[in-house]
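Q: need a structure here:
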Amino acid sequence: MPWTLTCGDLFDRDSTPSVQATGSELLAGLMGLWKLHLREGLQEDGQRTLCCFDLRWGVPPRSADVDDYLPHHAAGAPKLRRWLLSGDAESLLSALASAHLRLLERGGPTVADRILEVAAHAEDRAALDTGLKLLA
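A: Numbering: from 1, shown residues only. Prediction:
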């Protein structure tokens, strides 16, 4: 299924979002979404940068993002960012994207928040991986 990953500028909300990546495998798009959000959309202290990322696919169009205003973002996202930058990034991104895809397939509006809640409560990567597997 074709997808497009864009970056919006929170400083200039009237600007057209720029395309960051395109592809055909939704799992790869979700990996890119989490990677960009954690590396470029989030500062070390967990504060949002001026970049927001959005993944769109399908007809009618569907969308996924990792909103900074989700209840568990402040506690979960900084942990994910640290783990991403200090370990096996591909393994982490794959686990996040797989959980996100399973939750999207089941439906519901708070997919990313459920992932961030697991991250907020995880003591380490092993606990995160276990929690993500239990989401589906």
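
Q: give me the number of residues near the closest residue to residue 37 other than its chain neighbours?
A: Using CB to CB, 6 or more residues apart in numbering and skipping residues adjacent in sequence, the residue nearest residue 37 is residue 66, 4.4 Å away. For glycine as for every other residue, the C-beta is placed from the backbone atoms N, C-alpha and C. Residues lying near residue 66 (other CB atoms under 10 Å) number 27.

Q: I'd say residue 66 and residue 53 touch.
A: Yes - contact criterion CB atoms under 8 Å: residue 66 and residue 53 qualify, at 7.3 Å.

Q: overlap of the contact sets of these two?
A: Among the neighbours of residue 66, those also in contact with residue 53 (CB atoms under 8 Å, 6 or more residues apart in numbering) are 33, 37, 41.

Q: does the first one belong to a helix or a strand, and which?
A: Okay, so that is residue 33. Using DSSP states H and E, residue 33 sits within helix 26-40.

Q: residue 38 reaches residue 77, doesn't it?
A: Yes - between residue 38 and residue 77 there is a contact under CB under 8 Å: 6.8 Å.

Q: so what's residue 133 closest to, chain neighbours aside?
A: Distances taken as CB to CB, 6+ apart place residue 99 nearest to residue 133, at 7.6 Å, with adjacent residues excluded.

Q: again with residue 108
A: Leaving aside its sequence neighbours, residue 108 sits nearest to residue 114 (CB to CB, 6+ apart; 7.9 Å).

Q: just the pLDDT for that neighbour.
A: Predicted confidence (pLDDT) for residue 114: 94.
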